[in-house]
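Trainee: Here is a sequence with its predicted model. Questions after.
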Amino acid sequence: MLTGIDWLMIGGYFGLLAGVVVFTMMRRKIRSGEDLFLGGRSVGWLAIGASIFAANIGSEHLIGLAGSGAAYGMSLSHLEFHSFIVIMMCWIFLPFYYKSGVSTMPEFLERRFGAKARWILSLVSLAAYVLTKISVTVFAGALFFEVMMPEVSLTIGGTTISSFWIGAVATVLLAGVYSSIGGLAAVVYTDLVQTGIILVGTLCVTGFALCHLGHSGVALPDGTVASSVMDGWAVLKATIKSTGNVETFGLWHSLSHKTFPWLGLIVASTTIGVWYWCTDQFIVQRTLAAKDLRNARRGAIWGAALKLMPVFLFLVPGMLGFALHHNHIVVNGAAFAIPLKEGGAINGDAVFPTLVQSLLPVGFRGLVVAGMIAALMSSLASLFNSVSTLFTVDVYQKLRPETSARKLVTIGRTTTVVMTALGLLWLPIMKAIAGGGLYQYIQSVQSFLAPPIVAVFVTGLVWKRMNLRGAVWGLGLGFVLGMTKLTLNALCPGAEGYALVQDFYFSGLLLVMSVLVIVAASLTAPAPEPQRIVSLTFATLGEDFKAENRASWTWVDVVASGLVLAVVVGCYVYFWNWLG
């Protein structure tokens, strides 16, 4: 139950949010599509990096990643140690995007190949946003409200509406209002504030969990008992070993593992990462809003540094929750307990809200709830802006090129409303099929959508012979194969929970098949005209491109990138065999 002080903290957060939105609107009026969708291309690197981080911290982290930590330990950390891919994006992909002056990723494909490629990616992206992002984020927000505020309900005409549905609708409406009114500038600058709230709030959960475990009095392998915060980590490792979960919670699993085979996981996680961080409108749009290429790159590097945090903000607390639950640690007069599913397994999607509800004292709980709402609102508002950008720029404006700038703004805002409604309609279906956990649900769907998109973008940059036919066949056939696999998984999952081929292995096979189709199809049509692809592939870089790109970075950017990569390597070294 939240107290008056907690509600005061939450109210203060919304007041701060409203102030930032109003300030942004007063500072920059929205008069054109570029103002709405790209913040007038005037954003600095600090805000860009914070926005990349805050947009990424969505439902799959808030609810799903902590649940995965409680159930599978470090198994899915590969999907979070993606800072190196963000670094790859800012040095390899970003210069092509920024120099070409595009507003969307489908628009870049049109520049490189032709209009058909743009249409396919636009439609696939819009479908993916409804299936894997909007509905999942809304669901997570609703679930968080359900666990944290069970007392909140509304009765209309004899029908009681639970906190789950109140949370879903409230999250959608609030995020939709400030993203549609203030545009990307409002989203980015509220993200700057919300990043701080997210970091402080989630670090509180990790800290209090370690504190309770460290002072639990649990016997340690060396014969002593846990009596300090520093002992909390030792209690976690001892609990994992005593329960026979060393393999389950480890970083690596055998090639035949039914859920996380190490080779399939590495290939699939890297493919998903390149798609998400290097080619997806949701993330790249923030860098395109930068005032220049230097700010865009530095913003991405700053975002990569922040991306190092989710494992420790969400996955580790999930593991700590597992230890608290197994050892029946008494918290505030009652044994800590995570809700269970019907079969007796831990309900992973309830782990993080339960940690917040049980561990945190008055005031801190309100701060963390505000941080969680901030994460959901930020992710959802970013989605709304990206969706409206894709539809308005890549669909509506292509069909009606004579549309005025003012009308495009109206269309963008209307798109937000429509896509929100579709996400809410999909919510009951997603609630039924996400039984394996939110994080697994979203990664599964993305592993079938990402390979053909990655194949087209990467092949298009490194092979100048690739043409429109190759792009169309690669995207089209890849999407059909991916959706076929997703459908088979739903209709006939088999004893292991998947159809025909393990999901992560299929993602790798789909990537290879997509590249082969692209090459074969491209060779059956003429090569693109050289003047059409100037500065759109590595082999056709113009002198002005090279000069502008070189002028956009200094030794500071190189050192910062190197430090981020060193930390990623350090994390892998520590967790490689962390349970002995």
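Mentor: All right, it came through fine.
Trainee: host element of Ala521?
Mentor: Here Ala521 is covered by helix 503-522, with elements defined by DSSP states H and E.
Trainee: Count the neighbours of Lys407 for me.
Mentor: Around Lys407 sit 15 other residues, with neighbours defined as other CB atoms under 10 Å. Using the backbone N, CA and C atoms, a C-beta is placed for each residue, glycine as well.
Trainee: Output stretch 241-249 in PDB with nothing but the alpha carbons.
Mentor: Once side chains and other backbone atoms are set aside, the C-alpha atoms of stretch 241-249 remain, and they are given as PDB (Å, rounded to 0.1, in the frame of the first residue of the first chain):
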ATOM      1  CA  LYS A 241      24.600 -23.300  -5.400                       C
ATOM      2  CA  SER A 242      22.500 -24.800  -2.600                       C
ATOM      3  CA  THR A 243      19.400 -24.900  -4.800                       C
ATOM      4  CA  GLY A 244      21.200 -26.700  -7.600                       C
ATOM      5  CA  ASN A 245      20.800 -23.700 -10.000                       C
ATOM      6  CA  VAL A 246      24.400 -23.200 -11.000                       C
ATOM      7  CA  GLU A 247      23.800 -24.200 -14.600                       C
ATOM      8  CA  THR A 248      20.500 -22.400 -14.800                       C
ATOM      9  CA  PHE A 249      21.900 -19.100 -13.500                       C
END
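Trainee: Need the residues that contact that stretch.
Mentor: Contacts of stretch 241-249 with the rest of the structure, by CB atoms under 8 Å, 6 or more residues apart in numbering, involve 72-75, 240, 253, 319, 326, 579-580.
Trainee: try stretch 460-468
Mentor: Everything outside stretch 460-468 that qualifies as a contact, by CB under 8 Å, 6+ apart, is 92-93, 96, 109, 112-114, 116-117, 459, 471, 518-519, 522-523, 525-528, 533, 536-540.
Trainee: just the buried members of these?
Mentor: Buried members of the contacts of stretch 460-468, scored by 16 or more other CB atoms under 10 Å, are 93, 96, 109, 112-114, 116-117, 459, 471, 518-519, 522, 528, 533, 536-537.
Trainee: which is the next helix or strand following the helix-or-strand element of the chain with minimal mean pLDDT?
Mentor: Within the chain, no helix or strand scores below helix 33-38, which has a mean of 51 by mean pLDDT, DSSP states H and E. Using DSSP H and E, the helix or strand that follows helix 33-38 towards the C-terminus is helix 45-56.
Trainee: What are the contacting residues of that next one?
Mentor: With CB under 8 Å, 6+ apart as the criterion, helix 45-56 contacts 43, 86, 187-189, 191-192, 194-195, 198, 282-283, 286-287, 289-290, 294-303, 305-307, 309-310, 374-375, 378-379, 382.
Trainee: The same query, at a cut-off of 6 Å, please.
Mentor: With CB atoms under 6 Å, 6 or more residues apart in numbering as the contact definition, helix 45-56 has outside contacts at 188-189, 191-192, 194-195, 286, 290, 295, 298-299, 302-303, 306, 378-379, 382.
Trainee: Give me the subset of the residues you listed lying in strands.
Mentor: Helix and strand membership here follows DSSP state E; of those, not one is in strands.
Trainee: Can you name every helix or strand that the longest helix that the chain contains contacts?
Mentor: Taking residue count as the measure and DSSP state H as the definition, the longest helix of the chain comes out as helix 163-214. Using 3 or more CB pairs under 6 Å, 6 or more residues apart in numbering; DSSP states H and E as the contact test, the elements touching helix 163-214 are helix 4-27, helix 33-38, helix 45-56, helix 135-148, helix 231-242, helix 316-326, helix 364-389, helix 405-433.
Trainee: what's the average pLDDT for the longest one?
Mentor: Spelled out, that is helix 405-433. Averaged over helix 405-433, pLDDT sits at 71.
Trainee: Next secondary structure element downstream of it?
Mentor: From helix 405-433 onward toward the C-terminus, using DSSP H and E, the following helix or strand is helix 438-462.
Trainee: for that following helix, the distance to its chain's centre please.
Mentor: Here helix 438-462 is found 13 Å from its chain centre; the criterion is CA atoms, centre = their mean, to the nearest Å.
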